[in-house]
Every structure is written in C-alpha cells, then in structure tokens.
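Undergrad: Sequence below, structure please.
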Amino acid sequence: MKVIAPARLHLGFMDMHGGLGRSFGSLGLCLADIFTHVAASQSADVVIQGPSSNRASVYAGRMLEYLNIGTGVEISIREAIPEHAGLGSGTQLSLAVGTAIARLYDKDITTREIANVMERGARSGIGVGAFSMGGFLVDGGRGDTTEVPPIISHHNFPEAWRILLIFDQQLQGINGLPEREAFQQLPPMSKRTTESLCRLVLMQVLPALVEEDCQRFGAAITEIQQHVGDHFAVIQGGRYCSQHVTEVLPWLLEQGATGIGQSSWGPTGFGIFANETQAYQALKQARDKWQAESRLTFRLCRARNAKAEVRVDQLSANENFQLKKI
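TA: As a prediction, the model looks like this:
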C-alpha cells in the first residue's frame, strides 16, 4: 500500500476572539512538490524505517490498537515533509500511516476518524482537508462539540500561480507541549481584528481566488499575515519567528510577489507569484543575494488541487512476493 500525503501552508487564523461560540477558523493551501511518501505491507511485527520513523511508530501503534489488529505493519518512509517547519509534517505522516494500515487490513474508517485517533486537528482542519481534498481551504474553527474543524470553503488554486518558499535550516517552529502552552498564554484577539480578518477572507481572499486575481488575493493574505503575526509576536519574538526569513519577505514584494507571510509557527516563509516566470526569476535572485547565508534555502512550489494519493502498489507487492519465494 502506497500513500503520498502532501504538505500544506497554514496561512493564518480568522477568529481567536471566540465571541460567537467558535474559535480559530483557518485558511491554508495544499502543496504539490513537498510530501510524505510511505509504503506499507502487513507484518507480524511493527517495523518502520526511514525519516520520522519514531513519530510513525507512535502513529502505527495507535492505529493498530484502535482497529484491534493483533498483528503489525512494515512501513518504509521513502520521503518525509521537513519536521517542525510549519508545513504540516505531523498531521500528514499520521494520516498517511493510519490510512495505509486501515487499507491494508480492509477497515472502513474515514480520514476524519483517523485524525481523531491520531489527535490531530486540535485547532485547525487544514491539514486534514489537504489530505482529503487538496486545493485552497478554509475551515470553520472549533465549537463546543467539534472534533476536527470542518472545511467550509474549498477551491482549486490557479494552475499558473506559484509559491516561493524560504526555509531557515537552523530554526524550528513551536510544537508539542510548548505549542499548547503558547495558545494558553495568548490573550484573546480583539473583536475588531477578528471582524477585519473574517471580512478579508470572505470579501477579498475567496472572490480573488475564484476570479484568479493574484494581486488582490496576495494583498489580502499579506494583511491577514500581518494581523495574525502581530498577535503571535509575544510568543515567537516578532511578526515572523525567523529574523533571517523576515529580511527576505519584503524583498520578495519588490521582486513581484503579490503576497508574503509565514506558514503556521514557521520558520518557513512564502511569497505568492502570479506566474512561473516571475517566481523563477525571484528564486534565482534570492539564491544569489543570500548565497552566503547557508541557513537559508529557497524552493519553488506549485499548489496541489488533488487529495492524497492512496493506492496498492502492485509492482512492489510482486517484488516482495518474489523475494520471499527465493
């Protein structure tokens, strides 16, 4: 069984005020060129190899126990989303592992149920939506009885648009217990800021996306990022967590980016471009300009308007069978 789970950008929260009975509400984008790839087969024991194997072992144990499976699974992680970079590595790995095990043992279980088992989607439904839908997503936040925040808007991202990513290789975003503590320490967002964010999403981000107006779309994302980043500044030390990435972002606007920001807790930053030509020129110039800064790397990405790939790899199955016969 093969599962390829795409990375995602988390582009910000809309409502950390909670005055209407729901909190958070987020928007994000599924990426095509960064992913977690697992290959799994039935086994008497749990055997996991490859990057992020320790985390995958925990996820496999949870899934086998939940499904009451008395045997195990052998998993090869052939590629993994960078951990703690703001690209959804934990959610995608957990969903990939859980889905592979469920399919191997012919168990009828939904992606949202797997997310609950894996304790994902505590605040955002974007990672689960990226796995099950792809594209550009908005979730409706958490209410009193919410398990995984529901996706309330889903659109394809224009094929021509490109995302330039900036990585800080010497920094990790907040995660785990420190992340939970950070959300507890944050003060409520003001009602006025929340209203502004919701208006930006409803009346600028979504219409601009549907009309393929990259300029208005990017401008709205930038403004959302400014509000959200300033709200989180007390925890992450500034609007964006990496000072090195912070230096690059306004420069991207000068190179033609329509929008800039940081994905989740970072440190990964991004710039949105209307076409590949502009994005590629910015990529080349960024690499030249920051070539002495070894901690910074740059990568050009497309959006993915499709859900995770889940399929039986017949070739691998045949190869394994032949190997065992010998």
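
Undergrad: looking only at pLDDT, what's the mean for the host helix or strand of Met63?
TA: Secondary structure from DSSP states H and E places Met63 in helix 53-66. Averaging pLDDT along helix 53-66 gives 96.

Undergrad: And for stretch 201-210?
TA: Regarding stretch 201-210, the rounded mean pLDDT is 98.

Undergrad: Can I get that stretch in CSV, CA atoms only?
TA: Taking C-alpha atoms only, stretch 201-210 is exported to CSV below (Å, rounded to 0.1, in the frame of the first residue of the first chain):
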residue,chain,number,x,y,z
VAL,A,201,-11.3,36.2,3.8
LEU,A,202,-15.0,36.5,2.7
MET,A,203,-14.8,39.6,0.6
GLN,A,204,-11.3,39.6,-0.8
VAL,A,205,-9.4,36.3,-0.5
LEU,A,206,-12.2,34.0,-1.8
PRO,A,207,-13.5,36.2,-4.6
ALA,A,208,-10.0,37.0,-5.8
LEU,A,209,-9.2,33.3,-5.8
VAL,A,210,-12.3,32.4,-7.9
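
Undergrad: Could you find the closest non-adjacent residue to Ala40?
TA: Sequence neighbours aside, Ala100 is the residue nearest to Ala40 in space, at 3.9 Å (criterion: CB to CB, 6 or more residues apart in numbering). All C-beta spots, glycine's among them, are computed from the backbone N, C-alpha and C.

Undergrad: I'd say the one you found and Val38 touch.
TA: Yes: contact criterion CB atoms under 8 Å: Ala100 and Val38 qualify, at 5.7 Å.

Undergrad: what residues do the two have in common as contacts?
TA: Counting by CB atoms under 8 Å, 6 or more residues apart in numbering, the residues touching both Ala100 and Val38 are Lys2, Val3, Ile75.

Undergrad: From Ile151, how far out is the second one?
TA: To tie it back to what came earlier, the one meant is Val3. Plainly put, Val3 is 20 Å away from Ile151 if you go by CB to CB, to the nearest Å.

Undergrad: of these two, who's got more company?
TA: Val3 (26 against 19; other CB atoms under 10 Å).

Undergrad: and the more buried one, what does it touch?
TA: With contacts defined as CB under 8 Å, 6+ apart, the neighbours of Val3 are His37, Val38, Ala40, Ala96, Val97, Thr99, Ala100, Ala308, Glu309, Val310.

Undergrad: which among the residues you listed end up buried?
TA: For the contacts of Val3, a burial check counting by 16 or more other CB atoms under 10 Å picks out His37, Val38, Ala40, Ala96, Val97, Thr99, Ala100, Ala308, Val310.
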